[in-house]
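Colleague: quick one: sequence plus predicted model below, questions after.
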4 protein chains.
Amino acid sequence: MKNTFGQAIAMTIVGESHGPMIGAVLDGLAPGIVVEREWIASRLRLRSARGEIATARHEKDAFRLESGVLEAEPGRWVTTGTPILIAIPNHDTISKDYTRTGDLLRPGHADYTAYAKYHGYQDIRGGGHFSGRLTAAVVAAGAILQSALGEKGIRFGTHVLRLAGIDDVRLQGKTEDELSEAVDTLRDRDFPVVDPEREAPMTDAILRAKGDKDSVGGILETVILGLAPGLGEPFFDSVEGLLAHALFAIPAVKGVSFGDGVALADMRGSAANDAPVMDGESLRFRSNHNGGVNGGITNGMPVVFQTVVKPTPSIAKAQDTVDYKRRENATLALKGRHDPAIVPRAREVVNAMSALVVADLIAQRYGTDALGPERRTR
Amino acid sequence: MKNTFGQAIAMTIVGESHGPMIGAVLDGLAPGIVVEREWIASRLRLRSARGEIATARHEKDAFRLESGVLEAEPGRWVTTGTPILIAIPNHDTISKDYTRTGDLLRPGHADYTAYAKYHGYQDIRGGGHFSGRLTAAVVAAGAILQSALGEKGIRFGTHVLRLAGIDDVRLQGKTEDELSEAVDTLRDRDFPVVDPEREAPMTDAILRAKGDKDSVGGILETVILGLAPGLGEPFFDSVEGLLAHALFAIPAVKGVSFGDGVALADMRGSAANDAPVMDGESLRFRSNHNGGVNGGITNGMPVVFQTVVKPTPSIAKAQDTVDYKRRENATLALKGRHDPAIVPRAREVVNAMSALVVADLIAQRYGTDALGPERRTR
Amino acid sequence: MKNTFGQAIAMTIVGESHGPMIGAVLDGLAPGIVVEREWIASRLRLRSARGEIATARHEKDAFRLESGVLEAEPGRWVTTGTPILIAIPNHDTISKDYTRTGDLLRPGHADYTAYAKYHGYQDIRGGGHFSGRLTAAVVAAGAILQSALGEKGIRFGTHVLRLAGIDDVRLQGKTEDELSEAVDTLRDRDFPVVDPEREAPMTDAILRAKGDKDSVGGILETVILGLAPGLGEPFFDSVEGLLAHALFAIPAVKGVSFGDGVALADMRGSAANDAPVMDGESLRFRSNHNGGVNGGITNGMPVVFQTVVKPTPSIAKAQDTVDYKRRENATLALKGRHDPAIVPRAREVVNAMSALVVADLIAQRYGTDALGPERRTR
Amino acid sequence: MKNTFGQAIAMTIVGESHGPMIGAVLDGLAPGIVVEREWIASRLRLRSARGEIATARHEKDAFRLESGVLEAEPGRWVTTGTPILIAIPNHDTISKDYTRTGDLLRPGHADYTAYAKYHGYQDIRGGGHFSGRLTAAVVAAGAILQSALGEKGIRFGTHVLRLAGIDDVRLQGKTEDELSEAVDTLRDRDFPVVDPEREAPMTDAILRAKGDKDSVGGILETVILGLAPGLGEPFFDSVEGLLAHALFAIPAVKGVSFGDGVALADMRGSAANDAPVMDGESLRFRSNHNGGVNGGITNGMPVVFQTVVKPTPSIAKAQDTVDYKRRENATLALKGRHDPAIVPRAREVVNAMSALVVADLIAQRYGTDALGPERRTR
């Protein structure tokens, strides 16, 4: 199950950066779900590279749904219940830039580990199967899932909490109304910050790094709204464990934390515990230090987590490295098209992975048809 | 696969805190592995509660291996290759303390989420299946795995990197010799700190919290030595994703990060990249900011990660809560036996979960017999 | 996942014939299901060895539910929703009979293949982990599942369709009323035949084989009533594929077929197709040649299948074999206690495996709580 | 994991008969395996429809390898170790024939069960995802696996053992030399019979059925040569269980049996047991009634099994059925292009599924690289 994740709903990732295509198979999704071409395209645009803060590679990310849907009208499909193959052809592939790298291992990349694993048979052009480009297929699949989950009142919002040392407003600790507004705002905001005034300093920092032939990292914060209590399992299939498993699949992610995150380490129990309280007939929690999860299971509060993204390893600066074939030390200055900051673009990949985990948990708990228009109750 | 984790080697967790027993099934382990009773017992002792800084519950943690082994001589078993059931009977269960809690939801615990998931049918005595006590079975299973991996030169060391705001020496960034020495030292150190002088201030902080009827949290840092390059997969079954999945199964864990962890967010690519360098005939990395993993796959450097543990939710201080049956607000002051700090005890659970992931990856890569004395080469 | 089967509901098998115990873990079952001790015991009795047609080994099959249930009153438990460990201690283990066999490979058994797989580390006493005795745990777990499924109107009936060349009445082709009656009759019939007059000749044939120090095989036929249409998947997770996978786990099973079974090979399409027909408002099929499954998915008709059981390999007759340690030819006449016919006893194992597959499919389709008393509809 | 099968090596099936394409993802295959275009094409030709005994639909079955391989030279690829997506575009799709069927349920097909499962959202054109056409992708994937296994000395041969009541020579019971010769002969024989004289009467029977607007069924017999002893698991992951699980995924398969198959039911233990015997230094069995598997594990003898294929449900003869939308009885005479006998064409699908199971078992036992040219021994 190497490239597949999920139980009731599963995603399989295929493709190489400079092969014919990249793609994802989404299996287990209910029949009858409406999928809009424009919605998927909009999610891909948020992930794709634009402007001077991003890579110069301009894939159109024109995706095709090759199975598992029927066209209801132009630009609108309906799921059939069978596996959906999303294919995104590769067009703009200047392999030249990459082959020039030849056998020089790119520091911070998977070049050496790919040799260790695949014994030299791997496709090295543009990172091959390790390329961040494969996350475009994840985003397209995630768009379908977000669409289905949206119909059930479940929404995802991710913003750049921190980039190059500059902070955005923290969502953890906000009221549900504030979170709801933030999620709405983030849905189509090109540069995903809650406070729009943080965009300029962050962009400046990115451009400075680019000017220095360098790159920056950061932290994303995600909010999931609308989850009923009772999703997830004690121990292995905790909501935290499943989300983390999927999030670490995103290249460059090096940390995942929930609720107050790392700050919980310095808190006392009396401060970290969230007190339940009756709110009329319904139970709520006075605070959300635990990020919506207790004992691995959702408690009905917003699920909140942070994703640490390391700086883009591809930099134009000269770096010491090794020529792997010759087994000798060398120097490498990358010439390809590279992002000085993948943090903002990663936001839709985080939403997509989160949607995969949530959709799977709902399908497990409420059954195959739970995300579709018809829910058979036997 | 709710309570099962792993592919080639899998662990299944069973039991309730106040039921007849807790246990774990370990499936897929090679035949011919020697297992010492005393070694397993020593790992359980490190996890168990002792002294005034811990809970007053004194389970003997007398475990039984009920299947999958044959006794070679007293205190020494050899695995047969079939599933190993480790059973730990529950003896010292004063359910009185817990039933007194009745329908008052313990803040920070899974009491409410258990209701949401199990509709009131769950075993609520002592946390039932959610109890941290179940990690004793994980530790025993992990001891078997650590024993097998040790024969292949793979070692695990975990220490309290931070507790109640007090730091131990950080292992990330140390030389491999220093790491090797630290791992040796930690193996049998009761209070797991690298610098023994940190024990007293940490213990003081725990006792102060206890005096305040409160609890503290912290961060564990883990080092895995001896891993060959090439373990793990791009995307979903990355080493980071698998470890995080397993680690979040440990109650109270709220964050997992690798290498320089959260600090990577503020670094530039030129600082975060680890440069490969030829060291005679063999390739090494000059630094280990990525914690031994690139593109989801081990690179031959020590795997280093941090685990954030929230403060123990069980505290003696009075807390606002809800009586779930009556659906009314209430106050709760817990009377049971509780740890003011589970951080030090969690160290062997982290080692056990890490051993599970590593053993599974090795069995996938090198086959069923890889951890046994005989490696069939066809 | 070697010893585990199932997705939403999974069973894990542990233990050795002459170790401390055998057992099964049942994970994923809904909370709130009532489990009667006497019902489980009755299923175990049907599997256990009695009379002169069976082995002389008399395990009491006294089982313990070690987790995942709470006792509601003596002899009655309620499931909690967490994994259920069923343990059956081994008492009556005369290893002497078996060790006398020593290194002589028992023909028709797994003795040689166990060597090939486990390199001599396997527990050879009484077949170890390969022993048919482990199916007692499967039967106990299956009893719990049959109990839960019975509440939803789903029933299982298995009879000896053929034994030593003697046929019972075939159920395939009968009306649903006739099937319902047969299933009711079979539930507690010691010797599972539909026509009670077939018991005597079958028993005679068994005794004749025993007199000849030999054994007999046969075919079981199973009917599952009450399945809604729509369970199962096209291709890999077809109802047929899942049932066959589980059924071949039963030692001595060598064939599985559905509906008209092998006879379908000689039929023409016009005879094998089952015509749908409106029966008032509801759709039914005029015949059931396909055994209740089309395209891998249940069609609402009874699911009917046949299981071929080879003759018990353990026979008292002298057989040519090999002494594996000495690598020389030898002769073996088994002295242990062995069944001349396991076919009748296997009937409850077939029901148990069928219940596992059906319960899993229902939990996948209708969600976690589908088999419990409460069905959350979100 | 609905459309995915396998653990270390897994196959995922996607596509619909009249959608843009059908395909399969093969994940987990070792890097460095050479794949010849012509070999894959030859396997597809054996599956495809030709002549008057088959359907008139003439897909070119022009496949594309979209990922996981690199072209070494024209017509020759080498695997990279990452997932291989095989895509076969659909061209010759006359949906007219099928849509004319409209809401009339085709007897013997999955039309009704698809409604029950997918609530009318399924793609009904040409059977959609249920179409036998999807097995072309399975055959292409299986060709890659057969190619890799062939390098390790493992070969697959399947012939029509029986068709419309006419028998071919039975392979079960033959010597290994005879089996080896038969497997070689069958590799490229268009009509897969061992005795070429059986082709004419079988073809006649097919044409007679076609003349009668009807169809025929039959039995395939498969031999797998070159398997080392020790593959498979006791209980759930028995070789028999895994093979049966995969074989029942083939549309129209209704029975699977091993070794002497159904005949074992009537045998006595003394006749059914295979006696091991020393053959110089190596152990062999005097007979192979158990079809190469004992206790779920290969014993080094040829694995032999039978697959029962029901008659093609698509027939031109008028049949009673139901108009599902109008909920009224109706009559249907199919006009599309249909095979009067899929038995001969199914032979390569059986080989492909067998290769999937065998490759997975080998990868589990000997590790990731076992099927590649390099076997790392750590």
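Modeller: Happy to help now that I have it.

Colleague: below-threshold pLDDT in the stretch 201-350 of chain A: ranges please.
Modeller: A:336-337 (pLDDT under 70).

Colleague: where do the helices sit along it?
Modeller: In the stretch 201-350 of chain A, the helices defined using DSSP state H, counting those that start in this stretch lie at A:239-247, A:269-272, A:343-366.

Colleague: just the CA trace of the last one, in CSV.
Modeller: This file holds the C-alpha atoms of helix A:343-366, laid out as CSV (Å, rounded to 0.1, in the frame of the first residue of the first chain):
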residue,chain,number,x,y,z
VAL,A,343,4.6,27.5,2.1
PRO,A,344,1.8,29.6,0.6
ARG,A,345,1.2,27.1,-2.3
ALA,A,346,1.2,24.1,0.1
ARG,A,347,-2.0,25.4,1.8
GLU,A,348,-4.3,23.7,-0.7
VAL,A,349,-2.3,20.5,-0.4
VAL,A,350,-2.8,20.6,3.3
ASN,A,351,-6.6,21.1,2.8
ALA,A,352,-6.7,18.2,0.3
MET,A,353,-4.9,15.8,2.6
SER,A,354,-7.2,16.9,5.5
ALA,A,355,-10.2,16.4,3.3
LEU,A,356,-9.0,12.9,2.5
VAL,A,357,-8.7,11.9,6.2
VAL,A,358,-12.0,13.5,7.1
ALA,A,359,-13.9,11.9,4.2
ASP,A,360,-12.4,8.5,5.1
LEU,A,361,-13.4,8.8,8.7
ILE,A,362,-17.0,9.9,7.8
ALA,A,363,-17.3,7.0,5.3
GLN,A,364,-16.1,4.6,8.0
ARG,A,365,-18.5,5.9,10.6
TYR,A,366,-21.6,6.5,8.6
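
Colleague: what is it packed up against?
Modeller: Using 3 or more CB pairs under 8 Å, 6 or more residues apart in numbering or on different chains; DSSP states H and E, the elements in contact with helix A:343-366 are helix A:37-47, helix A:135-151, strand A:155-163, strand A:218-225, helix A:239-247, strand A:303-309. From N, CA and C alone the C-beta is placed, and that goes for glycine too.

Colleague: dump the ones you listed into JSON lines; add distance to chain B as well.
Modeller: Formatted as JSON lines, the helices and strands packed on helix A:343-366 follow (distance: least, CB to the nearest CB, whole Å):
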{"stretch": "helix A:37-47", "distance to chain B": "16"}
{"stretch": "helix A:135-151", "distance to chain B": "9"}
{"stretch": "strand A:155-163", "distance to chain B": "6"}
{"stretch": "strand A:218-225", "distance to chain B": "5"}
{"stretch": "helix A:239-247", "distance to chain B": "4"}
{"stretch": "strand A:303-309", "distance to chain B": "5"}
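
Colleague: out of the helices of the stretch 201-350 of chain A, which is closest to B:G292?
Modeller: helix A:239-247 (17.8 Å; CB to CB).

Colleague: let's have the helices of the stretch 201-350 of chain A in JSON lines, adding mean neighbour count.
Modeller: Below are the helices of the stretch 201-350 of chain A laid out as JSON lines (neighbours: other CB atoms under 10 Å in any protein chain shown):
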{"stretch": "helix A:239-247", "mean neighbour count": "28"}
{"stretch": "helix A:269-272", "mean neighbour count": "22"}
{"stretch": "helix A:343-366", "mean neighbour count": "27"}
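
Colleague: low-confidence ranges, the stretch 1-150 of chain A, go.
Modeller: A:1, A:49-61, A:92-101.

Colleague: ok, the closest residue to A:G6 other than its chain neighbours to chain C distance?
Modeller: Sequence neighbours aside, A:D360 is the residue nearest to A:G6 in space, at 4.5 Å (criterion: CB to CB, 6 or more residues apart in numbering or on different chains). Look at A:D360 and chain C: by CB to the nearest CB, to the nearest Å, they are 12 Å apart.

Colleague: quick one: residues contacting A:D360.
Modeller: A:6-10, A:28, A:242 (CB atoms under 8 Å, 6 or more residues apart in numbering or on different chains).

Colleague: between the residues you listed, which is nearest D:D320?
Modeller: The closest of these, once distances to D:D320 are taken by CB to CB, is A:G28, at 35.0 Å.

Colleague: give me the neighbour count for the closest one.
Modeller: If you count neighbours by other CB atoms under 10 Å in any protein chain shown, A:G28 ends up with 26.

Colleague: so it makes contact with A:A363?
Modeller: Yes. Between A:G28 and A:A363 there is a contact under CB atoms under 8 Å: 6.2 Å.

Colleague: what residues are shared contacts of those two?
Modeller: A:8-9.

Colleague: pop out the phi and psi values for the nearest residue to A:D123 once chain neighbours are set aside.
Modeller: Nearest residue to A:D123, sequence neighbours excluded (CB to CB, 6+ apart): A:E16, at 4.6 Å. Main-chain dihedrals, A:E16, degrees, to the nearest 10: phi -130, psi 150.

Colleague: ok, A:E16 touching D:L65?
Modeller: No. Contact criterion CB under 8 Å: A:E16 and D:L65 do not qualify, at 11.4 Å.

Colleague: tell me which of those two has more neighbours.
Modeller: Per other CB under 10 Å, whichever of A:E16 and D:L65 has more neighbours is A:E16, with 30 against 22.

Colleague: show me the contacts for the more buried one.
Modeller: Per CB under 8 Å, 6+ apart, neighbours of A:E16: A:22, A:123, A:125-126, A:128-129, A:131, D:67-68, D:80, D:82.

Colleague: for chain B, what's the nearest residue on the stretch 51-200 of chain A?
Modeller: A:A110 (2.4 Å; CB to the nearest CB).

Colleague: for the closest residue in space to that residue that isn't next to it in sequence, what are its contacts?
Modeller: Spatial nearest neighbour of A:A110, excluding adjacent residues (CB to CB, 6+ apart): B:G295 at 2.4 Å. Taking CB under 8 Å, 6+ apart as the criterion, B:G295 is in contact with A:109-110, A:113-114, A:130, A:251, B:234, B:238.

Colleague: which among these end up buried?
Modeller: For those, a burial check counting by 16 or more other CB atoms under 10 Å in any protein chain shown picks out A:109-110, A:113-114, A:130, A:251, B:234, B:238.

Colleague: closest to chain D among these?
Modeller: B:P234 (7.2 Å).

Colleague: which parts of the stretch 51-200 of chain A sit against chain D?
Modeller: Taking CB under 8 Å from any CB of the partner chain as the criterion, the stretch 51-200 of chain A approaches chain D at residues A:64, A:66-68, A:70, A:78-85, A:87, A:117-119, A:121-123, A:128-129.
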